[in-house]
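K.L.:
Could you work out the structure for the sequence below:
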Amino acid sequence: MATRDSGSDAPLASPSLAVEEGAGGRERGRLPSLTGRERKRVPVMVDHLVPNSKRVAIVGGGLVGAMEALFMAKRGFDVDVYEMRSDIRLEEVVEGRSINLALSTRGREALRAVGLEDEVVAHGLPMHGRMIHSLTGQQSFIPYGKKGQCIYSVDRRKLNEALLSAAEERPNVFIHFDHKLSQCNVKTGEMTYVHNDRHLEATADLIVGCDGAFSAVRRSAMRTTRLNYEQEYIPHGYKELTMPAKEDGTHAMANNCLHIWPRNEFMMIALPNQDGTFTCTLFFPFGFFDEIKDESQLLQRFEQYFPDSIALFGRDRLSEMFFTNPVGSLVSIKCKPHHVGDHCVLLGDAAHAMVPFYGQGMNCGFEDCLILDELLLKNNCSFGATLKAYTDQRQPDAEAICDLAMYNYVEMRSLVNSRGFLLRKKVDGVLHLLFPRSFIPLYSMVTFSRMPYREVVERRNRQDTIVWWASRGGVVVGITGLVAVSVYVASGRSNIVSTASAYWSHFVSHTQTLSKTVAGFLRLASR
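P.N.:
Sure, this is the predicted structure:
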């Protein structure tokens with residue numbers, strides 16, 4: 001392990017700042033870091049120093065881009081991050097998505113690897129389960145997993161700021177804000193950016209596309225390679241509302257859970273914030289939003305579907321937010337492969353945008369960074385071998401979690417109201433208690449483990465088969481018991497003690513057989 005020390009606290013810019021005037025008014029050369037702020041430079045512990053250091057360009061300075069910068073810096077690469085927006089740390093209001101994030105195991109492991117887990121978790125709020133709000137205002141709690149297991153509600157902006165600041169402290173990371181990618185050659189590593197109406201050119205040994213669902217890097221790759229791509233908009237949009245804190249600054253509802261108002265075809269959710277507020281999100285069909293024209297119609301809908309929330313929002317505040325805040329769209333995107341040759345790779349939403357209903361978008365993106373880093377280490381930082389291995393390993397997992405996220409929207413808005421769903425949750429819990437290593441509930445596999453997503457789906461299917469056969473076995477046990485009682489009564493042995501004893505012996509015998517059968521199935525399922 002080698003140590004790299006900057007040895008200076010002076011403001012930084014990228015190396016090789018000489019800029020040459022090129023044809024067509026384009027400027028060539030390395031681009032300066034344009035934060036306009038002094039950077040605190042810190043010694044960086046490099047896990048694997050890259051010989052003849054290569055240059056990596058990360059397009060996009062959002063959550064995944066900033067995280068990837070930390071991983072690449074850790075490997076000793078010279079890293080440039082190009083972000084088309086201004087520095088969010090200097091902005092009072094940041095436009096774009098602000099849906100709160102649910103941090104779980106996959107994301108936490110990536111944060112741990114770059115030394116930020118404790119800081120981020122300390123500023124999050126633990127959520128141990130779902131609090132379901134009925135039409136009558138009755139609340140029922142459904143735990144996410146075993147006692148002590150939880151996910152964390154974290155603020156998107158604060159997390160992005162923490163990642164950017166950590167990346168900026170690395171002496172081999174340079175961040176360029178207000179740089180929009182206009183052209184990109186994914187086969188050679190050549191790029192053109194627009195900054196202040198000027199075209200600036202740059203090159204890199206590796207381009208990492210972390211520029212979101214409508215990725216410019218992916219679009220460039222699609223024009224010049226046989227990259228497959230598909231997208232699907234769901235027929236629901238979303239609108240954010242803020243539930244204020246009480247007068248004493250505390251939360252208006254329980255702050256240790258995710259609140260859901262499931263209404264079959266639509267829903268509202270609420271995640272707690274550190275300041276006592278809740279970030280609430282309405283997920284409605286677009287036509288439903290369009291039908292609400294004025295305050296009276298809005299309050300009528302809320303009184304019909306979310307009556308217990310009105311007093312918590314305040315009627316005037318609710319109306320103001322609803323008619324001021326925009327309606328956003330939700331899209332699921334898949335592509336294949338996730339890399340192009342030796343010079344380009346896609347991470348996060350650029351490779352696999354998903355609807356937010358499993359809370360895995362950020363966690364999956366962070367795990368992308370972690371897996372790419374693990375493969376770089378395994379392949380001695382060879383881009384060619386690493387990128388191919390990354391697509392082979394990650395692309396099937398990305399498709400699996402995109403599909404699971406779609407399924408979970410149905411579960412959150414509808415199935416949580418079903419007695420059958422609640423019974424299945426209890427059955428899963430009992431089987432997990434009896435066979436903790438062999439039977440793991442779907443949500444726990446996704447949220448509280450790093451089991452590959454495709455393996456999660458395969459294992460879930462096997463477990464469904466087991467539960468199906470086990471439920472049929474339970475029916476057989478019950479019928480056998482009733483037949484036994486009938487036989488004993490018909491034969492004149494109507495003494496209740498002897499009848500109960502006989503039934504019990506039959507029940508135990510069949511239950512033991514069923515238990516052995518289930519255990520056998522579980523051993524197969526866990527392979």
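
K.L.:
now the strands: where do they sit in the stretch 1-150 of the chain?
P.N.:
2-4, 20-21, 27-28, 44-46, 55-59, 78-82, 101-103, 125-127, 129-133, 139-143 (DSSP state E, counting those that start in this stretch).

K.L.:
Save those as TSV, and put in mean pLDDT and mean neighbour count too.
P.N.:
The C-beta positions use only the backbone N, C-alpha and C, and glycine is treated the same way. Formatted as TSV, the strands of the stretch 1-150 of the chain follow (pLDDT from 0 to 100; neighbours: other CB atoms under 10 Å):
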stretch	mean pLDDT	mean neighbour count
strand 2-4	34	12
strand 20-21	36	9
strand 27-28	42	15
strand 44-46	48	16
strand 55-59	97	27
strand 78-82	97	26
strand 101-103	96	25
strand 125-127	97	20
strand 129-133	96	20
strand 139-143	94	14
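
K.L.:
Which of the ones you listed sits closest to Arg157?
P.N.:
Between Arg157 and the strands of the stretch 1-150 of the chain, the shortest gap by CB to CB is with strand 101-103, which sits at 10.1 Å.

K.L.:
gap between the closest one and the chain center?
P.N.:
Centroid displacement of strand 101-103 relative to its chain, using CA atoms, centre = their mean, to the nearest Å, is 7 Å.

K.L.:
That strand packs against which elements?
P.N.:
strand 151-154, helix 361-378 (3 or more CB pairs under 8 Å, 6 or more residues apart in numbering; DSSP states H and E).

K.L.:
So which of the strands of the stretch 1-150 of the chain is nearest His343?
P.N.:
Proximity to His343 (CB to CB) singles out strand 55-59 among the strands of the stretch 1-150 of the chain, at 9.8 Å.

K.L.:
Parallel or antiparallel, list what pairs with that closest one.
P.N.:
Partners of strand 55-59 in the sheet, by DSSP bridges, are strand 78-82 (parallel), strand 206-209 (parallel).

K.L.:
now it: how far from the chain's centre is it?
P.N.:
Centroid displacement of strand 55-59 relative to its chain, using CA atoms, centre = their mean, is 23 Å.

K.L.:
same check, this time on stretch 345-358
P.N.:
8 Å.

K.L.:
Quote the end-to-end distance of that stretch.
P.N.:
With CA to CA, to the nearest Å as the measure, stretch 345-358 spans 25 Å from end to end.

K.L.:
Next one: Asn304 relative to Arg130, how far apart?
P.N.:
Just so we're on the same page, residue 304 is Gln rather than Asn. 22 Å (CB to CB, to the nearest Å).

K.L.:
need the helices for the stretch 401-527 of the chain, in chain order.
P.N.:
Ranges of helices in the stretch 401-527 of the chain, per DSSP state H, counting those that start in this stretch, are 419-434, 442-447, 453-490, 496-525.

K.L.:
now the helices and strands packed on strand 101-103 as JSON lines including mean pLDDT and distance to Ala400?
P.N.:
Shown next, in JSON lines, are the helices and strands packed on strand 101-103 (pLDDT from 0 to 100; distance: least, CB to CB, whole Å):
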{"stretch": "strand 151-154", "mean pLDDT": "96", "distance to Ala400": "20"}
{"stretch": "helix 361-378", "mean pLDDT": "97", "distance to Ala400": "10"}
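
K.L.:
Show me the one of those that comes nearest Asn325.
P.N.:
Per CB to CB, nearest to Asn325 of the helices and strands packed on strand 101-103: strand 151-154, 19.5 Å.

K.L.:
shaky segments in this structure?
P.N.:
The chain contains residues with pLDDT under 70 at 1-52, 93-99, 414-417, 471-527.

K.L.:
Spatially central residue in it, please.
P.N.:
Gln360 (2.0 Å; CA atoms, centre = their mean).

K.L.:
can you pull the contacts of that residue?
P.N.:
For Gln360, the residues meeting the contact criterion (CB atoms under 8 Å, 6 or more residues apart in numbering) are 104, 106, 354, 401, 404-405, 446-447.

K.L.:
and those as TSV, adding distance to Lys146 and neighbour count?
P.N.:
Converted to TSV, these look like this (distance: CB to CB, whole Å; neighbours: other CB atoms under 10 Å):
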residue	distance to Lys146	neighbour count
Ser104	14	24
Arg106	18	25
Met354	26	26
Ile401	22	24
Leu404	21	22
Ala405	23	23
Val446	15	27
Thr447	12	21
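
K.L.:
and which of those residues is nearest Asp78?
P.N.:
Lowest distance from Asp78 to the contacts of Gln360 (CB to CB) belongs to Arg106, with 27.9 Å.

K.L.:
how far away is the closest one from Gly60?
P.N.:
The value you get for Arg106 to Gly60, if CB to CB is used, is 20 Å.

K.L.:
and if you look at Ala252?
P.N.:
Noted for Ala252: a distance of 36 Å to Gly60, by CB to CB.

K.L.:
more crowded one of those two?
P.N.:
Legend: neighbour count by other CB atoms under 10 Å for Ala252 and Gly60, higher for Gly60 (27 against 18).

K.L.:
who touches stretch 142-149?
P.N.:
Against stretch 142-149 from outside (CB under 8 Å, 6+ apart): 127-130, 132, 150-151, 416, 422, 425, 432, 441, 443-444, 447-448.

K.L.:
In terms of secondary structure, what does the biggest strand by length in the chain contact?
P.N.:
For the chain, the longest strand by residue count, based on DSSP state E, is strand 228-243. When contacts are defined as 3+ CB pairs under 8 Å, 6+ apart, strand 228-243 packs onto strand 278-285, helix 286-291, helix 310-313, helix 315-324, strand 328-336, helix 383-413.

K.L.:
Might you calculate how far whichever helix or strand comes after the second one sits from the centre of the chain?
P.N.:
Towards the C-terminus, the helix or strand next in line after helix 286-291, according to DSSP states H and E, is helix 295-305. Going by CA atoms, centre = their mean, the spacing between the C-alpha centre of helix 295-305 and its chain's C-alpha centre is 32 Å.

K.L.:
same deal with stretch 55-65?
P.N.:
From the chain centre to the centre of stretch 55-65 is a distance of 18 Å (CA atoms, centre = their mean).

K.L.:
Kindly format the C-alpha coordinates of that stretch as PDB.
P.N.:
What follows is stretch 55-65, C-alpha atoms only, in PDB (Å, rounded to 0.1, in the frame of the first residue of the first chain):
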ATOM      1  CA  ARG A  55      -6.300   9.200 -16.700                       C
ATOM      2  CA  VAL A  56      -9.900   8.500 -16.000                       C
ATOM      3  CA  ALA A  57     -12.700  10.900 -17.000                       C
ATOM      4  CA  ILE A  58     -16.000  10.500 -15.100                       C
ATOM      5  CA  VAL A  59     -18.900  12.200 -16.900                       C
ATOM      6  CA  GLY A  60     -21.500  13.200 -14.200                       C
ATOM      7  CA  GLY A  61     -20.800  14.500 -10.700                       C
ATOM      8  CA  GLY A  62     -24.000  13.100  -9.100                       C
ATOM      9  CA  LEU A  63     -24.100  10.400  -6.400                       C
ATOM     10  CA  VAL A  64     -22.600   7.600  -8.500                       C
ATOM     11  CA  GLY A  65     -20.100   9.800 -10.300                       C
END
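
K.L.:
If anything else comes up later, I'll come back, but that's it for now.
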